[in-house]
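Q: Predicted model, plus sequence, below.
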Amino acid sequence: MASESSINICEHELLSQSQKPSSVPDTHAFTQQMGTTAVTLFTFAQAVQKWLRYAPDRAGGTGRQRQRTMNYMVLWIIFPISLSLVSFIGTWTVYGLAFTNNHVCSLTDWGSDNYCKGNQSTGCCLVPTISSSGTSAPENSLFTATINAGSFLFLLFSIFHHAHVMERHTCHSMLSRFALVFGVVAALGAFTAGNCNPGYLALLHYLGAAISFMCICFYTVLLTALTGKCSLTGYEKILYPLRIASTVVQTIVTICYTVLFAQDEYFYVHLSAIFEWMLSINLELFELSFAVEFCFFSSFMLSNLLSKREEEKPLMMTMS
């Protein structure tokens, strides 16, 4: 009897132990849980890394890496200043030489009877446009050098500004690319006009000048729009209205210049010359205003035009 009772007790203990939940963990479930946790931690680490790399500057709201801000070189301000000064000093020096040699009439003489008519080229003066100032020797060499230098600097200006926008505001990359196209075409048009003397290659000269003036109008409009959309310096509240005014002046004066240039009467042609000089000065002031942006420019930004962004590579691989 004692043995039977002990057997019954052992069976009861075994039955109760079998009904308890097993303390041995499920290996498959544990593995899935660890995998999910690892993926979550990896995603979180990527997010933290991205936040650290592209944490916004609380003061300006548009900063990038703090290490990159150390690369900002105030010396880049020399570039837009040089572009404006080269154009301003060069063109007015050419006009001074041409006026001294009696190759162009005075800008203040509205009723000159000595201006060249038709095929007349000797014993008279040309209408004092920028182009006619660089027609004759010796000022034509300086005119060509000035236009070539200005075209090259303007081309670099367009590329650098595009790189700046691509570094800070890729969401407006399409608008910046359109501006870059107009800037490049304007530089090529000016280069053509500068190297084709209007006295010998008038068609190519005026075609290049027309393309340059038209593209500059669109370029100023697009750059002003980018100023309103992109915060590159923190001074856009001041720069934006100034550039709007400059763009409006550039557009209106370009239209007036185009209409008056085709007239035959000297007064209107002379007025078109005044408008052309106004276009030149207004553009130089517009370019000079970008000295503020170039205070925040860095040579690192140019690498965006040569290589893909690191964070875009996985997305491109996924799409392919």
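A: Cool, got the structure.
Q: Tell me where this structure has helices.
A: 2-19, 27-53, 66-69, 78-100, 130-133, 139-168, 173-195, 202-229, 236-261, 266-288, 291-294, 313-319 (DSSP state H).
Q: Pipe these into JSON lines and attach mean neighbour count per row.
A: Just so you know, the C-beta spots here come from the backbone N, C-alpha and C atoms, and that holds for glycine as well. Below are these laid out as JSON lines (neighbours: other C-beta atoms under 10 Å):
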{"stretch": "helix 2-19", "mean neighbour count": "9"}
{"stretch": "helix 27-53", "mean neighbour count": "10"}
{"stretch": "helix 66-69", "mean neighbour count": "12"}
{"stretch": "helix 78-100", "mean neighbour count": "18"}
{"stretch": "helix 130-133", "mean neighbour count": "23"}
{"stretch": "helix 139-168", "mean neighbour count": "20"}
{"stretch": "helix 173-195", "mean neighbour count": "20"}
{"stretch": "helix 202-229", "mean neighbour count": "19"}
{"stretch": "helix 236-261", "mean neighbour count": "16"}
{"stretch": "helix 266-288", "mean neighbour count": "19"}
{"stretch": "helix 291-294", "mean neighbour count": "20"}
{"stretch": "helix 313-319", "mean neighbour count": "9"}
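Q: Quick check: which of those is nearest to Asn114?
A: The closest of the helices of the chain to Asn114 is helix 266-288. By C-beta to C-beta, the value is 10.2 Å.
Q: Contacts for that closest one, please.
A: 80-81, 83-84, 87-88, 91, 105, 107, 109-112, 115, 127-130, 132, 154, 157, 213, 216, 220, 243, 246-247, 249-250, 253-254, 256-257, 260-261, 263 (C-beta atoms under 8 Å, 6 or more residues apart in numbering).
Q: repeat for stretch 170-178
A: The contact list for stretch 170-178, computed with C-beta under 8 Å, 6+ apart, reads His161, His162, Val165, Met166, Leu222, Ala225, Leu226, Lys229, Cys230, Arg309.
Q: Repeat the analysis, applying 7 Å as the threshold.
A: Under the criterion C-beta atoms under 7 Å, 6 or more residues apart in numbering, residues His162, Val165, Met166, Leu222, Ala225, Leu226, Lys229, Cys230 lie in contact with stretch 170-178.
Q: pLDDT of that stretch, averaged?
A: For stretch 170-178, mean pLDDT is 84.
Q: For Val165, which residues are in contact?
A: Contacts here follow C-beta under 7 Å, 6+ apart; on that basis Val165 touches His172, Ser176, Leu226, Cys230.
Q: Repeat the analysis, applying 10 Å as the threshold.
A: 171-173, 175-177, 179-180, 223, 226, 229-230, 232, 293, 301, 304 (C-beta atoms under 10 Å, 6 or more residues apart in numbering).
Q: ditto for Lys229
A: Going by C-beta under 10 Å, 6+ apart, Lys229 touches Val165, His169, Cys171, His172, Leu175, Ser176, Glu236, Tyr240.
Q: Is there a neighbour count for the fourth one? I'd like the number.
A: Other residues lying near His172 total 16 when counted by other C-beta atoms under 10 Å.
Q: please renumber so the chain begins at 53
A: Sounds good: first residue 53 from here, last item His224.
Q: Could you measure from it over to Leu274?
A: According to C-beta to C-beta, to the nearest Å, His224 and Leu274 sit 10 Å apart.
Q: who touches both of the two?
A: Residues touching both His224 and Leu274 (C-beta under 10 Å, 6+ apart) are Ala231.
Q: In terms of pLDDT, where does the residue lying closest to Thr145 once chain neighbours are set aside sit?
A: Distances taken as C-beta to C-beta, 6 or more residues apart in numbering put Leu194 closest to Thr145, at 6.5 Å, once the chain neighbours are dropped. With respect to pLDDT, Leu194 has a value of 94.
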